[in-house]
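Student: let's see this in three dimensions:
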Amino acid sequence: MKKTLLFILLLTMTLGISACQDDLFPTSLSLLEEHPNIDNYYQIFIRSFADSNNDGIGDLKGIENNLDYLETLGVTALWLTPFHPSNTYHGYAVTDYYDVHDDFGTIEDLQSLIDKAQAKNIEIMMDLVINHSSDQHPWYVEARSNIDSPYREYYYWDAPNIAYQSFVGGLVDFDPTSQALKDEFKNILKFYGDMGIVKFRIDAAKHIFDKPGLTAIDTNAGLYLLEFKAYLQTEFGDAAHIVSEVFDYNYVRYPSYVLGTGSVFNFFGAMQLEQKVGFQSSRFNFVSSLNQFYKAMEDAQPNYIDHLFIGNHDIDRPATRIPNIDARKQTVKAMYTLPGNIYVYYGDELDLQGRRQEGVNVPGYGTAYDEYRRTAFLWDDERETSWFPDTQNFSTPNVNEAIENVDSMYYVYHTFMNLRLQYPALMFGDFTPYENNDYNIQGFYRSFTNGEHTQKVLVIINISQQGATFTLPSFIETIYEDSESEFTLDAYGVGIYLIEEGM
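Tutor: Prediction:
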């Protein structure tokens, strides 16, 4: 289906954004090569995003055909959920690590997407599932039928002919103590690195050593991943990057993985954003809690790189979890002013709804669970991907409607993603709490040095339902402000101010 998108530069019409920037500083966009592991990420559940051949299933060509949309939004990197052959709709049960699922295209289509994306300065991050494979993977099928199979040592056996399973649904666990398995995954890293993918998300990292009989679960997992990171960077340089998925809202388990890969998905930060900004619970310690977290991660790894989000394929969508639209918008704004890599889950910029269901029967489909978190992106009034019947988003604005509406969630994402691309302090800067934080006002400085010059901005978040006033130190100019009058933020307002730019 042909779609007409309104590719307009919304940044130029964003209220409150400074029209100029001091010549002392280049934009963040021009510095991305020097800082290759900090990006504006967009996560795509491939099956639901864009369909290029009218079979109702999203595919790689569909993504390639919409790179202009992603570039305009402010995306500099894509996280693709698994594209390998699989016997499951979600793809996390892999049956071939060296190929592309027929539903999504071919290995040549993947190469084309990589090349076209990189031409637009958009990198690809691949979801690498190294904790388990499908029980229909030829490795496992052979290992079960032949005790002398070289693949026998790939799996962690729970019984003579049954591998241990961290997850239900035919996902059988690998044996992380197998050197042959490690060598296989290095080959996989090399295979995709040669194609141009040098960024990898490690799925289910905390489960790699969490198996009966294995010890030092987190420490050994961190060392395991460190070996892969070292190999990847030896082969492809500093642009190579690994981030561990440690699905835990308590960050006590993070340091071992941070030591191994330098990065971890920040579920703790996601919780802070939702609870303290989205729901205004214990909002007085929002900044201090984040500062404590950053210090803990930097103690584990001085070069720690954060990966922050409020939505992904494994949790209910923000539009479902945070019912107040103003609070939801403020949560997004706050997220994009924080350090590291920031993620938007496809469709969250349209405010898609989505909540997990517990085994409901869907006519024409069957039993559904997380499918409701992974429904069709809304390119127009009809659903371009129809593999799953969506019953939640019939009143949600589509892309064209959202782009035309300056009050839409799309406008918030577009504005703040592009602010990061404009101001290096927001994209790459360090984090220091504001000295006058109180119950309603939560602020912090972001500071970035380029050569002999430093850019410093102050972010003020009014986490309340009333307007608030404040005083600024050594003020230069307003970058962004939710206010009718300077230094008086609206309820749920955010202000960004250039404090210092010079030697």
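
Student: what number of residues lie near residue 484?
Tutor: Neighbours of residue 484 under the rule other C-beta atoms under 10 Å: 8. Where C-beta positions appear, they are placed from N, C-alpha and C, glycine not excepted.

Student: contacts only, for the spatially closest residue to it that is not a sequence neighbour.
Tutor: Spatial nearest neighbour of residue 484, chain neighbours left out: residue 490 (7.5 Å); criterion: C-beta to C-beta, 6 or more residues apart in numbering. Going by C-beta atoms under 8 Å, 6 or more residues apart in numbering, residue 490 touches 462, 467, 482, 483, 484.

Student: isn't the fourth one right up against residue 494?
Tutor: Translated: residue 483. No. Using C-beta atoms under 8 Å, residue 483 is not in contact with residue 494, being 9.6 Å away.

Student: the two: which is more packed in?
Tutor: Neighbour comparison, residue 483 and residue 494: the larger count goes to residue 494, with 27 against 20 (by other C-beta under 10 Å).

Student: pLDDT at that one, what is it?
Tutor: Here the pLDDT value assigned to residue 494 is 97.

Student: what are the phi and psi values at it?
Tutor: With angles defined as degrees, to the nearest 10, residue 494 sits at phi -130, psi 140.

Student: who does it form a beta bridge with?
Tutor: residue 461 (DSSP bridges).

Student: quick check: it touching residue 460?
Tutor: Yes. Taking contacts as C-beta under 8 Å, residue 494 lies within contact range of residue 460: 7.1 Å.

Student: neighbours of residue 262, how many?
Tutor: Other residues close to residue 262 by other C-beta under 10 Å number 22.

Student: what distance do you get for it to residue 305?
Tutor: 6 Å (C-beta to C-beta, to the nearest Å).

Student: break down the stretch 351-500 of the chain into its helices, ranges please.
Tutor: 399-404, 409-422, 424-428 (DSSP state H, counting those that start in this stretch).

Student: one more: the stretch 51-200 of the chain?
Tutor: Counting by DSSP H, counting those that start in this stretch, the stretch 51-200 of the chain has these helices, from start to end: 60-64, 67-73, 107-119, 138-145, 179-195.

Student: quick one: closest of those helices to residue 294.
Tutor: For residue 294, the closest of these is helix 67-73, at 26.9 Å, according to C-beta to C-beta.

Student: name the helices or strands packed onto the closest one?
Tutor: If contacts are counted by 3 or more C-beta pairs under 8 Å, 6 or more residues apart in numbering; DSSP states H and E, helix 67-73 sits against helix 409-422.

Student: mind listing what's buried along the helix or strand hosting residue 270?
Tutor: Assessed by DSSP states H and E, residue 270 sits inside helix 267-272. For helix 267-272, burial by neighbour count (16 or more other C-beta atoms under 10 Å) applies to 267, 268, 269, 270, 271, 272.

Student: show me what contacts the fifth one?
Tutor: In this case it means residue 271. By C-beta under 8 Å, 6+ apart, residue 271 lies in contact with residue 249.

Student: over to the fourth one?
Tutor: By C-beta under 8 Å, 6+ apart, residue 270 lies in contact with 249, 308, 309, 310.

Student: what about residue 98, how many neighbours?
Tutor: Residues lying near residue 98 (other C-beta under 10 Å) number 11.

Student: domain ranges for this structure?
Tutor: The chain is divided into the following domains under automatic domain parsing: 10-129+266-425, 132-173.

Student: which of those is buried the deepest?
Tutor: domain 10-129+266-425 (a mean of 19; mean count of other C-beta atoms under 10 Å).

Student: check contacts around residue 470.
Tutor: Contacts of residue 470 were listed using C-beta under 8 Å, 6+ apart, and they are 436, 441, 443, 460, 487, 489.

Student: can you tell me how far it is from residue 79?
Tutor: 36 Å.

Student: then residue 370?
Tutor: Taking C-beta to C-beta, one finds residue 370 at 17 Å from residue 79.

Student: same deal with residue 160?
Tutor: Taking C-beta to C-beta, one finds residue 160 at 38 Å from residue 79.

Student: that older thread, from the contact counts, what lies against the next helix or strand along the chain from the helix holding residue 270?
Tutor: Downstream of helix 267-272, the first helix or strand assigned by DSSP H and E is helix 286-300. Judged by 3+ C-beta pairs under 8 Å, 6+ apart, helix 286-300 is in contact with helix 254-261, helix 267-272, strand 430-433, strand 441-450.

Student: what mean pLDDT does helix 286-300 get?
Tutor: For helix 286-300, the per-residue pLDDT averages 98.

Student: what about the closest residue to residue 291 other than its chain neighbours, how many neighbours?
Tutor: Closest residue to residue 291 apart from its sequence neighbours, by C-beta to C-beta, 6+ apart: residue 433 at 5.3 Å. By the measure other C-beta under 10 Å, the count of residues near residue 433 is 15.

Student: make sure residue 433 is actually in contact with residue 286.
Tutor: No. Using C-beta under 8 Å, residue 433 is not in contact with residue 286, being 10.0 Å away.
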